[in-house]
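> What follows is a predicted structure for the sequence shown.
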Amino acid sequence: MIPSTELPPSADLAGKEPVFHIHGVTKIYRMGDVEVHALRGVDLDLYAGEFVVVLGPSGSGKSTLLNILGGLDVPTAGEVHYLDHQLTGAGDAALTRFRREHVGFVFQFYNLIPSLTALENVALVTEIADHPMDPAEALRMVDLGERLHHFPSQLSGGEQQRVAIARAVAKRPDILLCDEPTGALDYPTGKLVLEVLERINRELGTIAVVITHNAAIAGMAGRVIRVGSGRIVEITRNERRISPSELSW
Amino acid sequence: MTALHHKLFRDLSRMTGQMVAITAVLACGIATYVTMRASYDSLLFARSEYYSEYRFADVFAHVKRAPEALARSIAEIPGVAAVQTRIVTDVTLDVPGLEEPATARLVSIPARRVPLLNDLFLRQGRYIEADRRDEIVISEAFAAANQLKTGDSVDAVVNGKWERLRVAGIGLSPEYLYEVKPGEIFPDNRRFGVLWISRETLEAAFDMKESFNDLALTLSQGASELEVIERLDHLLEPYGGLGAYGRSDQISYRFIADELTELRTMGLILPTIFLAIVAFLLHVVMSRLVATERSQIAVLKAFGYGRLDIAGHYLKFGLLAALPGSVLGIAGGLWLGSLFTGVYARYFHFPVLRLQPNSYLLLSAVAVGAGAACIGALSAARRAVALAPAEAMRPESPEQFRAGVLEHSGLMTWIAPATRMIVRNLSRRPWKALATALGIALAVSILVVGRYTIDSVNYLVDLQFRVMQREDLTIAFQEPRPEHARYELAQLPGVLQVETFREVPARLRFGHRSRKTSILGTTPEDTLRPLLDRSLTRIEVPGEGIVLNSRLGEILGAPPGSQIQIEVLEGARPVRVVTVAGWVDQPIGLGTYMRAGALHRMMREAGTISGAHLKVDPRRAARLYSLLKRTPSISAVAVKEVALASFWKSYGDTIWISTTMLVGFASVIAFGIVYNGLRIALSERGHELASLRVLGYTRAEIGRILLGEQGLLLVLAIPFGLALGYALSFLTSHALARDLIRLPLVIGPVSYTYAGGIVVAAGLLSGLVVIQRLAHMDLTEVLKSRE
């Protein structure tokens, strides 16, 4: 097994201060009588505006990494820094504030509130954010301007995921964390969603972290992080990023 | 409205059935609270206004005859503020249109109106005129029952002479707030009334010039009632004093005080039970909601909603169920409260008795409802707050099942898989099963308590009027008569059987405790009024000693075998020390009993009688009544059947209103609990049942699994609920025990059947609703959802 190492930042990242800096992060779950080592000493820096794809098979620890980055979970050991905030050891209130102000989540199963319309699902987040977009505008960004008042049950899977993306970006987060955003979608719809993510990253400068087990998606990333058995196996930098429409799997 | 509020209202509308059930139970709880508290407040207010405005006395005394000059000495007793002497006497009355003789209490009033103690409130007509000696003011209840108006007249035998009395006015006095014939418990306004008449008329009729036989006094601030009574008794003793007593022994005061205590007790117990059930139901429903919404909660948390936002969101579910429930409950409570006060106004005679709910009560009702809802939603809200977002995003892991006793015993192999599911579901979460069963049992028990009140009153009335009183007619002499008077009675037309009795007023004293009562002489030959205990066993009073009603025994603290002092308040007023031969447990009154022979010996008299119980030939009753109306030596006649009918007339709808309220509310609770239990079960098992449908189970089969589980709980809970109801009725009977009435613990089989039946009906109806939902279950949808 290759030890987890981080390649030196490439030219355009050199000299930049990382937005996220995580060091020696370990996460151990207890499942009944068994201890599960989800992460085993992970070091990683994330920089402003980059598009990162985290690749790994299921059970590799990528979701745990995402949850820790997003302040949904806390590591068993190690340090997590966001700018000059120390997230390790922060209490529930501090983590809640961190999520509220800086993080947007996109989940595999969209996790929309079924009793709220598309617009209201987005408003759910803009209402508690400091400088949010207009919810309708956020939905128009994901080409759902015509479906504002539809309930999740009246939307297709791809549409639901786009609502979820609109919900995640409407608060103008610093980082967009996407957990298998195309996992539940068919091929063309999945590509459509990835296009939206790419556009958000490009237009708003939001850090986008997409975790997936679909290696084809790696082509659109600036950096690709491969994870296996709780460790970072490899980090590669794409010299040429492929547009999502050109991806195929 | 925020997006979270949209979610709140949409989720609520999805749970309409369950929320309506909870709101209904809460409305019942708040309604009982408002009904009883508002009635309590209104009665209390009316009483205190009436008492102070019409100067209700603090101490009362009756004497045989005392000189008016004594009043000055009484006024000089330290602590006495004002004294009023009177002439009070009971006479037989002939009321137009009434076959049986009525009894009137004549109370003297000054010929010219001056402020009095126990003053008159005039409802109609005017005060008596000084020069019109035949004018009277009659009590409102008596006037209403006999349709007497001002200007009408009634005939009375006043000291052996016929007098025609003219009604000048119709009025009330705080002294007769509860207008009941002495020695009786239930009012019979047709046959007993109070007549206020000029003092001069009574002085002349009873030869009481410059004398009085009754007095009332008020105490000055801080005076000791006990000391004043002692001194007063001392002053009155030479004149045949019957023992002074304070308000707490005054019959009207006693009744309204007991009623107020009862209202306050029930106004606390019932709403508490109802609201505890609301909290329980909300707890179950909200816990389920949080369980189904765990991934939604995780999303909210992921996007930065804090603890307070989440807790507030789920508490609002409870509060939103509470608000309409409180509003409905308050409206219902005010309506029922006005019914209650309407009923109270029928036997508590106030100048004005209106339901006067204060804003504080209404605010507290809202607060109490909101409080119950918050308590119910609290643990679910806490669970939502505690949910770890990363954890909650994942679907719940399958519930853990382990092989239990049934598996190891091999019994399970004999049971069909569907039944196995039922047994495992119940045994895997025994506490949840227990809580559901407890809820159902509680509903059953409240129904039992509601029915208990009906049963015990029925039983009591039957006991009193059919078993204990076997006579048709009871007459009381104005003065004790020699025993041979029984032969005169036997000569009267229509009289089939005469059984005389001797009753002596006395004060019983044991240690520092004392109580005014009367001692009844009994013989083993008594057939019309056999002395029975609660279990209807005939009690033989021993040749010596006294038998006490056990309630009185408790009041005096005098166990069997102790020596108590008897101060007789009649004749030569002997004072004797007598052994308590035993206690007798009776549901009504505070009676004491001696053998007639022993009583005569104590009184140093030979065969004196106070009255008689008669068996009468109904065909000749009318003639007997008209004779009795004209017999001056008789002060009171009680016709049993008439008293019974009158009881049901005046009490029938009172009992009906309060028990209907209780039974109705208990039925609502039963439905609420059973329906919610099934809905929760459907929500929890929906996934599983849909899977079974996909596997080829029929709708009927999965219906059996779902209903079987709840049905099993229902069947197990009902007997437990019946037992719990019995226990609650036992507590109720103790909480409501009064000196005058102690409702016996009687619950008939019909009531048990009713209680069980309502709950089974609730179960069946709820089952139908749930089966409807099963029929509309979208299999693919259920399987797709992650929940």
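Great, that's in hand.
> Contact residues of chain B facing chain A?
Where chain B comes near chain A, counting by CB under 8 Å from any CB of the partner chain, the residues are B:2-4, B:6-7, B:10-11, B:14, B:295-296, B:298-307, B:309, B:388-390, B:393, B:786. Bear in mind the C-beta positions are built from the backbone N, C-alpha and C, glycine included.
> Burial check on residue 190, number of neighbours?
Just going to use chain A. Per other CB atoms under 10 Å in any protein chain shown, the neighbour tally for residue A:190 reads 24.
> look at chain B instead
For residue B:190, using other CB under 10 Å, the count is 22.
> re the thing from before, in helices only, show me the residues of chain B next to chain A.
Cross-referencing the residues of chain B next to chain A against helices under DSSP state H gives B:3-4, B:6-7, B:10-11, B:14, B:295-296, B:298-302, B:307, B:309, B:389-390, B:393.
> Of these, just the buried ones, PyMOL syntax please.
Only the buried entries of these go into this PyMOL selection, using 16 or more other CB atoms under 10 Å in any protein chain shown:
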select buried, chain B and resi 3+4+6+7+10+11+295+296+298+299+300+301+302+307+309+389+390+393
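> Tell me how far residue B:223 lies from chain A.
From residue B:223 across to chain A, the span is 64 Å (CB to the nearest CB, to the nearest Å).
> go on, residue B:37?
Distance, residue B:37 to chain A, using CB to the nearest CB: 38 Å.
> Quickly find the element holding residue 203.
I'll assume chain A. Here residue A:203, judged by DSSP states H and E, is contained in helix A:187-204.
> Sorry, I should have been clearer: chain B.
Here residue B:203, judged by DSSP H and E, is contained in helix B:199-205.
> Residue B:123 contacts residue B:170, correct?
Yes. Between residue B:123 and residue B:170 a contact is recorded at 4.9 Å, counting by CB atoms under 8 Å.
> Need the overlap of contacts for these two.
Jointly contacting residue B:123 and residue B:170 under the rule CB atoms under 8 Å, 6 or more residues apart in numbering or on different chains are residue B:140.
> With neighbour numbers in mind, choose between the two.
residue B:170 (21 against 17).
> Report the spatially nearest residue to that one, omitting neighbours in sequence.
residue B:124 (4.2 Å; CB to CB, 6 or more residues apart in numbering or on different chains).
> Check residue A:122 too.
The nearest residue in space to residue A:122 (CB to CB, 6+ apart) is residue A:135, at 3.8 Å.
> do residue B:599 as well
Using CB to CB, 6+ apart, the nearest residue to residue B:599 is residue B:521, at 3.9 Å.
> tell me what the helix or strand hosting residue B:339 is packed against?
Using DSSP H and E, residue B:339 sits within helix B:307-347. Where contact means 3 or more CB pairs under 8 Å, 6 or more residues apart in numbering or on different chains; DSSP states H and E, helix B:307-347 is packed against helix A:92-102, helix B:3-14, helix B:16-53, helix B:251-292, helix B:294-302, helix B:359-386, helix B:640-694.
> Enumerate the positions of stretch A:31-41 that are buried.
Applying 16+ other CB under 10 Å to stretch A:31-41 flags A:37-41 as buried.
> tell me the contacts of residue B:367?
Contacts of residue B:367 (CB under 8 Å, 6+ apart): none.
> hmm, back to that, present the buried residues of stretch A:31-41 as CSV; the columns should include secondary structure and distance to chain B.
What follows is the buried residues of stretch A:31-41, written out as CSV (DSSP: H, G, I helix; E, B strand; the rest coil; distance: CB to the nearest CB, whole Å):
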residue, secondary structure, distance to chain B
A:37, strand, 16
A:38, strand, 10
A:39, strand, 13
A:40, strand, 18
A:41, strand, 20
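> quick one: which of these is nearest to residue B:313?
Of all the buried residues of stretch A:31-41, the one sitting nearest residue B:313 is residue A:38; the distance, using CB to CB, is 30.4 Å.
> ok, the closest one to residue A:103 distance?
20 Å (CB to CB, to the nearest Å).
> Find the closest residue to chain B in chain A.
Chain A approaches chain B most closely through residue A:100 (2.4 Å), counting by CB to the nearest CB.
> my guess is that residue contacts residue A:132, does it?
No. Counting by CB under 8 Å, residue A:100 sits too far from residue A:132 to count as a contact (11.0 Å).
> So for these two, which residue has more residues nearby?
More crowded of residue A:100 and residue A:132, by other CB under 10 Å: residue A:100, with 22 against 19.
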